[in-house]
Every structure is written in C-alpha cells, then in structure tokens.
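Novice: structure for the following, please:
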Amino acid sequence: ISLYPNILGLLGGKVLLNKVTAINPSLVLIQSDQGKLNLPVSKQKGNPAKIYLLSLYVKNAKVTFIDRKVRAEGFKTLINNLDIHASKALFPPSSLRINFKSTARFIRPEGDTLGSISFSGWVDFSRKDMDAKLELADLDVTYFSAYYGDFISNKKLLSAKLNATTYFNAKNNDLKTLTKFRLSDLTYSKEEKDPLGVPCLGLSKKALDLFTDANGNLNLEFEFNARFDKPEMTISELQNIILKSTVKNIASQDPQDLLEKITDNIESFKKFGKELEDIFKNKE
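Specialist: Numbering: from 1, shown residues only. Have a look, this model is predicted:
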C-alpha cells in the first residue's frame with residue numbers, strides 16, 4: 001500500500017491524499033448466521049479526522065466472502081483480479097465529480113472462472129448526478145443457487161449463463177436505470193421433470209417459454225426510476241417493471257409463433273400466473 005499525501009493540505013490542517021495505491025491486497029469478509037459482518041468498529045470518541053482522497057488505484061485484489069447466513073458451513077464467493085481506478089475530476093477544481101472504472105472475475109474455489117463483472121462511469125454526489133454502466137458477462141448463475149433457491153429453478157438446473165447490462169443515469173437526484181437481461185445455455189436435469197413430463201425452469205419452464213426465443217434464450221429489459229439518494233422499490237413498482245418488460249418482450253415476437261406457444265401450453269401459463277400472484281402476496 002502506498003500513500004501520497006498533499007503537503008500543502010497538511011499545512012492547512014487537512015488530511016489530503018493525492019493518491020492511494022494498493023497492489024495485490026487480499027480481503028476476507030465473513031457474514032455470521034445473524035447477518036453481521038466481521039468489519040472493525042471504531043471506538044474513537046468525538047469527530048474523526050476528515051480524509052480527502054483525490055485518486056485510488058487497486059491492482060489485482062482478491063476478495064473472499066464467506067456467508068454463514070445461507071449455509072452453516074459458509075458459502076464462498078471468490079472475486080479475483082479486482083482492479084479499481086477512481087479519481088476526482090481535475091477541472092474545474094471545485095468539481096466533486098468522480099470518474100471510476102472497476103473490473104473483476106468471479107471464480108470457483110477450484111480456480112476456474114464463473115464469470116466477470118465491470119462497472120465504469122462517473123458520479124457527482126454533491127449534485128446527485130451520475131452516468132455509469134454495470135456489466136455481468138457469462139456468469140454461471142447455478143453456482144449461486146443458495147441465494148435464489150427455487151425462484152429461478154424449482155427443478156434441477158444444471159447450467160445457465162447470465163449476461164446483463166445496467167445503465168445508470170441521474171440528474172439532480174432523479175435516477176433512471178435500464179437493464180438488459182439475457183439468460184442462455186439453459187440445461188436441466190433429465191431425472192427431474194414437471195408434472196407434464198418436461199424439464200422445468202423457475203416458476204414453470206413451459207410458461208417461461210412464452211418469453212424465450214427460438215434458441216431457448218430469455219431476453220428481458222427492465223426500466224426503473226428512483227431518487228439517487230434513496231433508490232428504493234415498492235412491490236407495486238416491481239410489478240409494473242415486470243409487466244412492462246414482459247409486454248415489450250411479447251410484442252417483439254412473431255405473432256404466429258406466440259400463438260402456437262400459448263395454444264400448446266395454456267395450462268402451464270395459467271399456473272405461471274398463479275405462481276407470480278403468490279410470490280407478490282408473500283412479498284407483501
């Protein structure tokens with residue numbers, strides 16, 4: 001770890017760091033079964049000294065997250081090759097805009113790659129403005145089944161890759177997001193089937209066929225508007241987001257293909273709607 005203090009700042013009574021660099025840091029986070037993280041708690045009394053950081057460079061970091069809330073023995077999420085570059089905009093000098101770029105890989109305990117993530121753009125917390133993009137690439141979502149349970153798959157899902165991009169745009173505290181969601185390479189266990197004898201994905205594999213393309217890939221778009229300083233979502237807003245994305249998806253399909261899907265799987269679609277209704281009732 002290297003620190004580059006600003007001498008003029010120190011003379012002015014401020015802790016001002018021109019740059020902080022960390023090479024090959026390793027961090028282990030553990031969440032207890034009560035949901036508490038092993039983060040240090042400061043016992044310092046009074047107002048802590050303010051530290052101003054102009055730029056941060058993190059190279060080849062490793063983060064290990066052990067979650068004992070979802071599994072007693074601890075479920076591991078490993079992040080490798082984490083690079084972070086964040087710096088304050090130089091002009092104008094009064095600006096509090098932060099430019100940032102971060103990339104990382106999710107890996108299995110055995111060492112092979114689960115997928116990658118990147119987050120880049122800029123943010124101005126004083127003005128509550130933002131323009132950024134978050135990308136997930138080729139993420140094997142089956143590894144994280146401990147978190148989603150049977151919400152994505154109520155039958156054995158052997159493989160599924162997630163590619164998703166979310167765009168963040170905020171102006172004067174009005175935050176707008178757009179997410180492009182693609183689930184592909186779906187493979188199901190041959191031993192486990194639904195009551196109709198068909199391998200099942202999520203709420204109902206047959207019902208989700210309504211939203212898949214000819215190759216069985218699921219493509220959806222989600223739009224969400226909120227406040228930059230309080231990005232919350234209610235159940236009714238979530239319902240509207242799902243409704244809008246599904247309507248847009250269905251409208252983009254060939255009418256004849258859509259009619260055939262509904263005709264062939266009418267009972268499954270009814271079941272799908274009932275299960276969605278139950279989910280929202282439980283959330284409320």
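
Novice: now do the helices in the stretch 51-200 of the chain.
Specialist: Ranges of helices in the stretch 51-200 of the chain, per DSSP state H, counting those that start in this stretch, are 145-148.

Novice: low-confidence ranges in it?
Specialist: 149-156, 188-200 (pLDDT under 70).

Novice: which residues in it form strands?
Specialist: Counting by DSSP state E, counting those that start in this stretch, the stretch 51-200 of the chain has strands at residues 51-53, 55-67, 75-88, 97-107, 113-124, 129-140, 157-171, 174-188.

Novice: can I get those in JSON lines including distance to residue 7 and mean neighbour count?
Specialist: The C-beta positions use only the backbone N, C-alpha and C, and glycine is treated the same way. Shown next, in JSON lines, are these (distance: least, CB to CB, whole Å; neighbours: other CB atoms under 10 Å):
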{"stretch": "strand 51-53", "distance to residue 7": "14", "mean neighbour count": "13"}
{"stretch": "strand 55-67", "distance to residue 7": "16", "mean neighbour count": "16"}
{"stretch": "strand 75-88", "distance to residue 7": "18", "mean neighbour count": "16"}
{"stretch": "strand 97-107", "distance to residue 7": "23", "mean neighbour count": "17"}
{"stretch": "strand 113-124", "distance to residue 7": "27", "mean neighbour count": "16"}
{"stretch": "strand 129-140", "distance to residue 7": "32", "mean neighbour count": "17"}
{"stretch": "strand 157-171", "distance to residue 7": "35", "mean neighbour count": "17"}
{"stretch": "strand 174-188", "distance to residue 7": "38", "mean neighbour count": "17"}
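
Novice: could I get the ones you listed as TSV with distance to residue 240?
Specialist: Putting these into TSV (distance: least, CB to CB, whole Å) gives the following:
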stretch	distance to residue 240
strand 51-53	39
strand 55-67	31
strand 75-88	31
strand 97-107	31
strand 113-124	26
strand 129-140	22
strand 157-171	18
strand 174-188	14
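
Novice: the residue lying closest to residue 248 once chain neighbours are set aside bridge partners, please.
Specialist: Nearest non-adjacent residue to residue 248, counting by CB to CB, 6 or more residues apart in numbering: residue 221, 6.2 Å away. With DSSP bridges applied, residue 221 shows beta-bridge pairing to residue 180.

Novice: Provide a list of residues in contact with residue 221.
Specialist: 178, 179, 180, 181, 245, 248, 249 (CB atoms under 8 Å, 6 or more residues apart in numbering).

Novice: and the gap between the third one and residue 222?
Specialist: Relative to residue 222, residue 180 is positioned 8 Å away (criterion: CB to CB, to the nearest Å).

Novice: what's the neighbour count on residue 141?
Specialist: 19 (other CB atoms under 10 Å).

Novice: list of residues touching stretch 117-132?
Specialist: Contacts for stretch 117-132 (CB under 8 Å, 6+ apart): 89, 95-106, 133-137, 139, 167-173, 175, 228-229.

Novice: run the chain-centre distance for that stretch.
Specialist: 16 Å (CA atoms, centre = their mean, to the nearest Å).

Novice: got the end-to-end distance for it?
Specialist: In stretch 117-132, first residue to last residue: 14 Å (CA to CA, to the nearest Å).

Novice: and residue 187, what are its bridge partners?
Specialist: residue 159.

Novice: distance of the residue nearest to residue 248 relative to residue 171?
Specialist: In terms of CB to CB, residue 221 sits 21 Å off from residue 171.

Novice: for residue 14, which of the strands of the stretch 51-200 of the chain is the nearest?
Specialist: Minimum separation from residue 14 across the strands of the stretch 51-200 of the chain (CB to CB) falls at strand 51-53, 6.2 Å.

Novice: what strands line up against the closest one, and which way round?
Specialist: strand 15-23 (parallel).

Novice: and the angle from the next helix or strand after the partner strand to strand 55-67?
Specialist: Toward the C-terminus, strand 15-23 is succeeded by strand 26-31 as the next helix or strand (DSSP states H and E). Per axes from the mean of the first three to the mean of the last three CA atoms, to 10 degrees, the angle that strand 26-31 makes with strand 55-67 is 40 degrees.
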